[in-house]
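> Need a 3D model of the following:
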Amino acid sequence: KVLIIDEVGYLPIDVDTANIFFQLISKRYEKHSTIITTNMPFSSWGEVFGSATIANAILDRLLHHSNVISIKGPSYRLKSKMKYFNSSSNTSS
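The predicted structure is shown next:
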């Protein structure tokens, strides 16, 4: 009953897909848990979904009863690799 949607906004979303996404969120609204990850601020969701109206309707349903966790800082996935890039860039000349 939990749906996890990873990286909203990473790829462009056309209007038809945005409408389907809205329908999905609407059907789950107040019935099931949904977890969404994104690196896009809510203020940019109009651009992500190609319409401020659709974005606002989606956010209205997502943010009602929600817990928003904002994580700031460097990428966790690249954390161990950054040491390699930093050290190899200093030694290669």
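> so who does the residue nearest the centre of the chain touch?
What sits nearest the mean C-alpha location of the chain, by CA atoms, centre = their mean, is T38, with 1.9 Å. Neighbour list for T38: 7-10 [criterion: CB atoms under 8 Å, 6 or more residues apart in numbering]. Glycine gets a C-beta too; all of them are placed from N, C-alpha and C.
> how about it, secondary structure?
At T38 the chain is in coil, as set by DSSP: H, G, I helix; E, B strand; the rest coil.
> how about the nearest residue to V2 once chain neighbours are set aside, what does it touch?
Of all residues not flanking V2 in the chain, S33 sits nearest, at 4.6 Å (CB to CB, 6 or more residues apart in numbering). Contact analysis of S33 by CB under 8 Å, 6+ apart lists 1-3.
> which one of those is nearest K79?
Of all the contacts of S33, the one sitting nearest K79 is V2; the distance, using CB to CB, is 26.7 Å.
> what about the helices in the chain?
Here the chain has its helices, by DSSP state H, at 15-28, 45-49, 52-63, 79-91.
> show me the contacts for V68.
Counting by CB under 8 Å, 6+ apart, V68 has no contacts.
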